[in-house]
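In: Below are the sequence and a predicted model for it; my questions follow.
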Amino acid sequence: MMATSDIAAGEVIVRVPKSFLISNDLLYKVYGPHPLSTHQLLALHLVLLLAQADGGGVWKPYLDLLPSHFNTLPVTFPPTLFDQLPDALAAEVDLQRQKIKSDYLAVVRFLKTKQHPMASSLEFKQYQWAWLCVNTRCIHVTTSDNTAKGGNIAMAPLLDFLNHTSEAKISSGFNPQTQSFEIKTLTPYRKGEQVFINYGPHDNQAIFKEYGFVLPENEFNFVTLDKEVWALMKDTDTDRSISIKRRILEKAGDYTIKKQDISFRLICALRLLALKGATDPSNSTFVRSQMEWHDVIMGLAEQIDDSNERMVYHMLKSICTRAYIQAEEKRNRLDALADSATTIHHPFALLFLRQISRESCDILKETISDIDTKLDTM
Ligand SMILES: C[S@@+](CC[C@H](N)C(=O)[O-])C[C@H]1O[C@@H](n2cnc3c(N)ncnc32)[C@H](O)[C@@H]1O
């Protein structure tokens with residue numbers, strides 16, 4: 001969307017009246033009480049509108065402008081591309097696939113209870129398209145209505161043509177005075193400039209998964225090392241010791257690194273994993289070092305001891321190196337795909353995936369180099 005005149009900070013850039021919001025209220029008027037989540041029913045509603053003989057009636061101009069495909073979204077990727085996603089992202093995309101599938105089955109069951117003719121003809125691909133329209137374009141509305149299952153989301157025609165940038169600062173919400181959903185820009189625009197909103201502080205992998213694009217630069221990028229942490233443990237520790245340590249870590253996981261930033265959570269986990277003597281939870285040496293570990297977590301001590309700290313950074317280097325080798329392999333396969341004359345993927349799907357892959361490699365490479373510097377001083 002472009003500014004047709006200068007826009008000052010604080011001005012409303014879009015105002016969508018309540019009657020044009022495809023919201024839970026509207027769905028309730030059309031379908032009455034129903035067992036579906038708002039997301040499930042919004043997607044079905046889009047499909048049913050498009051199936052109407054008049055192409056959606058008053059909503060036709062809006063429906064005509066919805067995306068024709070979602071080929072840059074990982075959830076639609078064929079195995080050749082899907083297999084090159086970073087492992088953590090692939091796992092999340094897998095969950096998204098399962099969600100769409102179960103939502104599809106739920107709406108088919110609903111159509112059957114209504115003896116709707118589409119109960120037997122609704123195709124999965126058709127429903128997936130509508131589900132992704134909702135996922136990439138819906139707004140979150142805060143209302144006092146507790147009947148909406150799965151959050152108060154709505155489609156807001158026009159407003160959903162605004163693209164994302166992390167620089168955009170906005171405020172948004174339902175204005176009871178104008179009875180409209182409004183977005184105000186907190187940054188000014190000159191006539192002719194593209195006007196943006198901000199979808200939230202997401203890293204590129206999250207943006208890729210939810211919206212099918214990536215930002216050229218993204219300060220929120222990170223790499224997850226959960227799988228590598230446990231793989232290293234399996235190689236170096238006993239099953240008994242691992243299970244004792246896992247129990248201590250409670251909600252184990254979310255071990256991440258960013259450029260010049262190793263998460264405190266990861267370092268804490270490695271400090272525990274580097275402790276020796278976890279043969280028995282009541283082993284006195286282990287109990288003592290576990291108490292020292294707690295002191296570090298609570299900020300009462302800087303580290304357990306020099307040897308534990310050195311071990312932590314050696315383990316971290318080993319984990320990052322393992323992840324880097326795998327990330328590089330995927331990156332090389334993507335380069336080969338890009339070079340192959342028979343490539344049939346959407347060019348942006350491959351372009352974005354290659355960027356994600358490069359970003360993971362860069363973060364890992366830089367972290368390994370930082371660890372080497374740190375180890376030299378220990
Ligand atoms: C809410 S819609 C925005 C309007 C959309 N560009 C359109 O023309 O319909 C979200 C979708 O817009 C695209 N998009 C948003 N911001 C983008 C950006 N900064 N770069 C590339 N694509 C973007 C993505 O395809 C995303 O799924």
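Out: In hand now; what should we look at? If you're wondering where the values come from, they're calculated on a predicted model, not measured in any experiment.

In: count of residues packed around His45?
Out: 22 (other CB atoms under 10 Å). The C-beta positions use only the backbone N, C-alpha and C, and glycine is treated the same way.

In: An error on my part: the question was meant for Gln98.
Out: Gln98 has 10 nearby residues by other CB under 10 Å.

In: what about the helix or strand hosting it, average pLDDT?
Out: Gln98 belongs to helix 87-113 when elements are defined using DSSP states H and E. Across helix 87-113, the average pLDDT comes to 97.

In: right, and the helix or strand after it?
Out: Moving toward the C-terminus from helix 87-113, the next helix or strand (DSSP H and E) is helix 124-137.

In: Show me what the lowest-mean-pLDDT helix or strand in the chain is packed against.
Out: Considering only helices and strands, the least confidently modelled element of the chain by mean pLDDT, DSSP states H and E is helix 284-297, at a mean of 72. Using 3 or more CB pairs under 8 Å, 6 or more residues apart in numbering; DSSP states H and E, the elements in contact with helix 284-297 are helix 264-273.

In: tilt between the helix it packs on and helix 284-297?
Out: Angle between the axes of helix 264-273 and helix 284-297 is 160 degrees (criterion: axes from the mean of the first three to the mean of the last three CA atoms, to 10 degrees).

In: Going by neighbour count, list what's buried in the least confident helix or strand of the chain.
Out: Of the residues in helix 284-297, those buried under the neighbour-count criterion (16 or more other CB atoms under 10 Å) are 286, 289-290, 292-293, 296.

In: and it, how far from the chain's centre?
Out: For helix 284-297, the distance from its own C-alpha centre to the chain's C-alpha centre is 36 Å (CA atoms, centre = their mean, to the nearest Å).

In: Can I get that helix as CSV, trimmed to CA atoms?
Out: Below are the C-alpha coordinates for helix 284-297, written out as CSV (Å, rounded to 0.1, in the frame of the first residue of the first chain):
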residue,chain,number,x,y,z
SER,A,284,27.0,-36.5,47.7
THR,A,285,29.6,-35.2,45.1
PHE,A,286,26.8,-34.6,42.6
VAL,A,287,24.4,-33.1,45.2
ARG,A,288,27.2,-30.6,46.2
SER,A,289,27.9,-29.6,42.6
GLN,A,290,24.2,-29.3,41.9
MET,A,291,23.9,-26.8,44.7
GLU,A,292,26.8,-24.8,43.2
TRP,A,293,25.0,-25.0,39.9
HIS,A,294,21.8,-23.5,41.6
ASP,A,295,24.0,-20.7,43.0
VAL,A,296,25.1,-19.8,39.5
ILE,A,297,21.6,-19.8,38.2
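
In: right, and the helix or strand after it?
Out: Towards the C-terminus, the helix or strand next in line after helix 284-297, according to DSSP H and E, is helix 306-339.

In: what mean pLDDT does that following helix have?
Out: Helix 306-339 shows a mean pLDDT of 93.

In: And for stretch 28-37?
Out: Within the predicted structure, the mean pLDDT of stretch 28-37 is 93.

In: Output that stretch as PDB - backbone C-alpha positions only.
Out: Extracted C-alpha coordinates of stretch 28-37, given in PDB (Å, rounded to 0.1, in the frame of the first residue of the first chain):
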ATOM      1  CA  TYR A  28     -22.300 -16.600  14.300                       C
ATOM      2  CA  LYS A  29     -25.100 -14.700  12.400                       C
ATOM      3  CA  VAL A  30     -24.400 -16.900   9.300                       C
ATOM      4  CA  TYR A  31     -23.800 -20.300  10.900                       C
ATOM      5  CA  GLY A  32     -25.400 -20.000  14.400                       C
ATOM      6  CA  PRO A  33     -23.900 -22.100  17.200                       C
ATOM      7  CA  HIS A  34     -21.100 -24.300  15.900                       C
ATOM      8  CA  PRO A  35     -18.300 -26.500  17.300                       C
ATOM      9  CA  LEU A  36     -15.500 -25.000  15.200                       C
ATOM     10  CA  SER A  37     -12.600 -22.600  16.200                       C
END
